[in-house]
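[1] Curious how this folds, go ahead:
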Amino acid sequence: MFATLEQLPPDPILGLSAAFREDPSPGKVDLSVGVYKDRAGNTPIMGAVREAEQALLASQATKVYLPAAGSPGFREAIYALVMGRQATDLRPRTAVLQAAGGCGALRLGAELVQRAQPGATILLGEPTWPNHGPLLSGGGLQLARHPYYDGATRSVVMQPVLDALAGAGPGTLVLLQASCHNPTGVDPSREQWERILEIVAARELVPFFDIAYQGLGDDPDADAWPIREAARRVPEMLVAVSSSKNFGLYRERTGALLVLAADPGRAAAIESHANKAARALYSMPPAHGALIVEKILTDPQREAAWRTELAGMCAHLGKLRSKLAEGIMAARPGYDATWITRQRGMFSLLGIAREDVTMLRERHHIYMGLDSRVNLAGLNEDNLPRVAALLAPLLPGA
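    Reported below is the predicted structural model:
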């Protein structure tokens, strides 16, 4: 049966992680996989998460399945975290399903759209997270791509974005990263978001938001603002939510799919079809991470502690950006690296040549994607000066 299958090359990012682990060099630096790291280079369990998990273990009396749609308390809490003040008004029109991480939410959303509109098209800005395409097309969506980012100016290319939206037919989906764009770190400004959403609404397009880093670009409310603004303007949209980064629940696969419908009746129908799609994909969602998030967001003291800790993570990333820019400019007088400080979240797309990426890995044991996306959380006080000095002469531009 399997004689026709040939071994595939390693995943571009996960393969780098494996190579990094096997590298015996004491000076190796991992800037590849998108996980948060503290000053010691560890991916910690957040204090609020640890406390909530201990409370969960002490109180739970069963390991029975969750409902197909997920824990009711988690669903309400994650909905309120994303939608904010609009939560009460829009909740009757919104189907909310717990999913197996943000990836599971993206795939579940694609499967749901395929049931409603077979062969529907979704617009993806380029570049985007490499897994967006496989997850969405795997669920049956047709992919169409348009420019998003100009590496020369380190900015969003607004006119091509607006032109692509204006040329799309009604009912076309549009993938939008709400904050901390992966891989570039460059988000639209609020004025730019308003222009984007104005055309989305006028052309009757359907936003499909991916919010994987809420609270790591700014505070959670500011990072969710594009979603809340879209909800004021459009009758329908989808939102894939991940709790991996902002709760540090990477391997617990905790996420949710929110689907705004035109009316409560359609929201109920959507939820029923999403439940059926989830049943065919993975049957029941994992419980542990969702119940931890629920315990945090439904307890004012735990939520306050989590928000404080999350703000500290966000500030740490901002300091790393500043120090990296300073280090590059010190190593390359006359070069303006402040564009790094204007980006948000964990990632930056450096724009250095592929052969230089390979050279950095083979000669200096610095690991990043071939597209030169780096996870800044892999930097710390010990390795940052060396990394900055090595990157400085390789960066394009004057």
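[2] Run through the residues that contact the residue nearest to residue 185 when sequence neighbours are not counted.
    Of all residues not flanking residue 185 in the chain, residue 343 sits nearest, at 3.2 Å (Cβ to Cβ, 6 or more residues apart in numbering). Bear in mind the C-beta positions are built from the backbone N, C-alpha and C, glycine included. Each residue near residue 343 by Cβ atoms under 8 Å, 6 or more residues apart in numbering is listed here: 154, 184-186, 321.
[3] what do you get if the cut-off is 10 Å, keeping everything else the same?
    154, 180-181, 184-187, 217, 317-318, 321, 349, 376 (Cβ atoms under 10 Å, 6 or more residues apart in numbering).
[4] Likewise for residue 270?
    Neighbours of residue 270 in contact, by Cβ under 10 Å, 6+ apart: 93-95, 97, 112, 115-116, 236, 238, 257, 259-261.
[5] roughly how far is the helix or strand hosting residue 123 from the heart of the chain?
    For residue 123, the host element (DSSP states H and E) is strand 121-126. How far strand 121-126 lies from its chain's middle: 16 Å, per Cα atoms, centre = their mean, to the nearest Å.
[6] Let's have the contacts of residue 343 in CSV, adding neighbour count, secondary structure and pLDDT.
    Converted to CSV, these look like this (neighbours: other Cβ atoms under 10 Å; DSSP: H, G, I helix; E, B strand; the rest coil; pLDDT from 0 to 100):
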residue, neighbour count, secondary structure, pLDDT
154, 19, coil, 96
180, 27, coil, 98
181, 27, coil, 98
184, 27, coil, 97
185, 25, coil, 97
186, 23, coil, 98
187, 22, coil, 98
217, 22, coil, 96
317, 24, helix, 96
318, 18, helix, 97
321, 24, helix, 97
349, 21, strand, 97
376, 25, helix, 97
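[7] circling back: what element comes up after the strand holding residue 123 heading to the C-terminus?
    helix 132-138.
[8] Name only those of the contacts of residue 270 that count as buried.
    93-95, 97, 112, 236, 238, 257, 259-261 (16 or more other Cβ atoms under 10 Å).
[9] So which of those residues sit within helices?
    Counting by DSSP state H, those place residue 112 in helices.
[10] rewinding a little: in a markdown table, list the contacts of residue 343 along with distance to residue 386.
    Output for the contacts of residue 343, formatted as a markdown table (distance: Cβ to Cβ, whole Å):
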| residue | distance to residue 386 |
| --- | --- |
| 154 | 24 |
| 180 | 26 |
| 181 | 27 |
| 184 | 24 |
| 185 | 22 |
| 186 | 26 |
| 187 | 29 |
| 217 | 27 |
| 317 | 20 |
| 318 | 21 |
| 321 | 17 |
| 349 | 21 |
| 376 | 15 |
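[11] Include distance to residue 199 and pLDDT when you put the buried ones among the contacts of residue 270 into a markdown table, please.
    As requested, the buried ones among the contacts of residue 270 are exported to a markdown table (distance: Cβ to Cβ, whole Å; pLDDT from 0 to 100):
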| residue | distance to residue 199 | pLDDT |
| --- | --- | --- |
| 93 | 23 | 97 |
| 94 | 23 | 97 |
| 95 | 26 | 97 |
| 97 | 29 | 97 |
| 112 | 24 | 97 |
| 236 | 16 | 98 |
| 238 | 18 | 98 |
| 257 | 25 | 98 |
| 259 | 22 | 98 |
| 260 | 18 | 98 |
| 261 | 22 | 97 |
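[12] List just the nearest of the buried ones among the contacts of residue 270 to residue 58.
    Nearest to residue 58, judged by Cβ to Cβ, of those is residue 97 at 28.0 Å.
[13] Surely the closest one and residue 275 touch.
    Yes - if you go by Cβ atoms under 10 Å, residue 97 and residue 275 touch, sitting 7.0 Å apart.
[14] Which residues are in contact with each of these two?
    67-70, 108, 112.
[15] Could you tell me which ranges of the protein sit under the pLDDT cut-off?
    398 (pLDDT under 70).
[16] Which residue ranges of it form strands?
    Ranges of strands within the chain are 29-30, 94-100, 121-126, 142-147, 149-150, 155-156, 173-177, 206-211, 237-242, 254-260, 347-349, 366-367, 373-375, based on DSSP state E.
[17] got these as a markdown table, with distance to residue 271 columns?
    Output for those, formatted as a markdown table (distance: least, Cβ to Cβ, whole Å):
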| stretch | distance to residue 271 |
| --- | --- |
| strand 29-30 | 40 |
| strand 94-100 | 4 |
| strand 121-126 | 21 |
| strand 142-147 | 25 |
| strand 149-150 | 35 |
| strand 155-156 | 34 |
| strand 173-177 | 19 |
| strand 206-211 | 17 |
| strand 237-242 | 13 |
| strand 254-260 | 8 |
| strand 347-349 | 33 |
| strand 366-367 | 42 |
| strand 373-375 | 35 |
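[18] which stretch among these comes nearest residue 248?
    strand 254-260 (10.2 Å).
[19] That closest one pairs with which strands?
    Counting by DSSP bridges, the strands paired with strand 254-260 are strand 94-100 (antiparallel), strand 237-242 (antiparallel).
[20] Quick one: the ones you listed as TSV, columns for distance to residue 193 too.
    Output for the strands paired with strand 254-260, formatted as TSV (distance: least, Cβ to Cβ, whole Å):
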stretch	distance to residue 193
strand 94-100	21
strand 237-242	14
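[21] How much space separates the closest residue to residue 377 other than its chain neighbours from residue 250?
    Excluding its sequence neighbours, the residue lying closest to residue 377 (Cβ to Cβ, 6+ apart) is residue 37, at 4.4 Å. Using Cβ to Cβ, to the nearest Å, we find residue 37 at a distance of 12 Å from residue 250.
[22] Name the residue in the two with the higher neighbour count.
    The residue with more neighbours, out of residue 37 and residue 250, is residue 37; 21 against 18, by other Cβ atoms under 10 Å.
[23] Closest one of the buried ones among the contacts of residue 270 to residue 52?
    residue 97 (21.8 Å).
[24] The closest one bridge partners, please.
    residue 257.
[25] distance of it from residue 227?
    Noted for residue 97: a distance of 16 Å to residue 227, by Cβ to Cβ.
[26] Equivalent analysis for residue 176, please.
    9 Å.
[27] now residue 313
    Residue 313 is 21 Å from residue 227, by Cβ to Cβ.
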